[in-house]
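**Q** quick one: sequence and predicted model below, then my questions.
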Amino acid sequence: MKILKTAVMLLLAWAAPGNAAIVVSVDMDTVTPGVQATRSAAINAIFTIGLVMTADAAGVSSYSVSVNFDNAELTLNGAPASTELLPAGFTFNFNAGVSSESQALGQVRSFEAATFGLGPVSSSFTIGTISFKATAPLTDAFLDVTPGLFNIGIDGVFDNAGFDLSLGATFIGGAVMVVPEPTTVTFVLVSGMGLLAASRRPIRR
């Protein structure tokens, strides 16, 4: 399952158009330098993911981006669990914070900012963070956190010339590999050793 999930994520990255003006990536581990597409976490572990936007030479003057997450494996941690940022180069957020978070729907809507002048060009910046608790082991082969333009009629991305970049934008999700708690690992190891010992016991006739 872990290999399949990673393969799906890499396929999405490879399928991304090479000339995309905007790339939005999920950084699954904000402590480790660079954008981390995966992370391991124990059940009930709390961690923060970041949303990283990368603009090319055309820049970005405004954006609104949402997130879907696997609510069978992740639980929003906090109220709100999300923090909307105002990256350098932007002058205002349309609203204070994200408009909505829904554990039941597995949604966070929307991270956004804009400027009246020219926005960032040829750079990467974090547009927001979400705090999660890992609540279940890996149960499927899908990405756990996926950014996109899910808030219909609201979400979109525009460059410094005012052109809509929505169709050319690339979105790269992330995955969390939930590992068993230490007590579970110990139980499995002890059980395995017991079975091994039983299989080596001589058979009496």
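**A** Structure received.
**Q** tell me where this protein has strands.
**A** Per DSSP state E, the chain carries strands over the ranges 22-27, 38-42, 46-55, 62-69, 74-76, 82-84, 100-102, 107-114, 123-134, 145-148, 156-158, 170-172, 175-179.
**Q** out of those strands, which is closest to residue 91?
**A** Of all the strands of the chain, it is strand 107-114 that lies closest to residue 91, at 7.3 Å by C-beta to C-beta. Quick note: C-beta positions are derived from backbone N, CA and C, even for glycine.
**Q** ok, residue 112 - how many residues close by?
**A** For residue 112, the neighbour count with other C-beta atoms under 10 Å is 26.
**Q** look up which residues are beta-bridged to it.
**A** residue 64 (DSSP bridges).
**Q** ok, now which ones touch it?
**A** 62-65, 84, 93-95, 154 (C-beta atoms under 8 Å, 6 or more residues apart in numbering).
**Q** the same query, at a cut-off of 7 Å, please.
**A** By C-beta atoms under 7 Å, 6 or more residues apart in numbering, the contact set of residue 112 is 63-64, 93-94.
**Q** just to revisit the earlier point, can you tell me which of the strands of the chain the model trusts least?
**A** Lowest mean pLDDT within those: strand 175-179, a mean of 91.
**Q** partner strands of it, parallel or antiparallel?
**A** Strand 175-179 has these strand partners (DSSP bridges): strand 38-42 (parallel).
**Q** contact partners of the partner strand?
**A** Outside strand 38-42, the residues touching it (C-beta under 7 Å, 6+ apart) are 6, 28-29, 47, 134, 174-179, 181.
**Q** if we can go back for a sec, just the buried members of the contacts of residue 112?
**A** Burial by neighbour count, 16 or more other C-beta atoms under 10 Å: within the contacts of residue 112 this picks out 63-64, 93.
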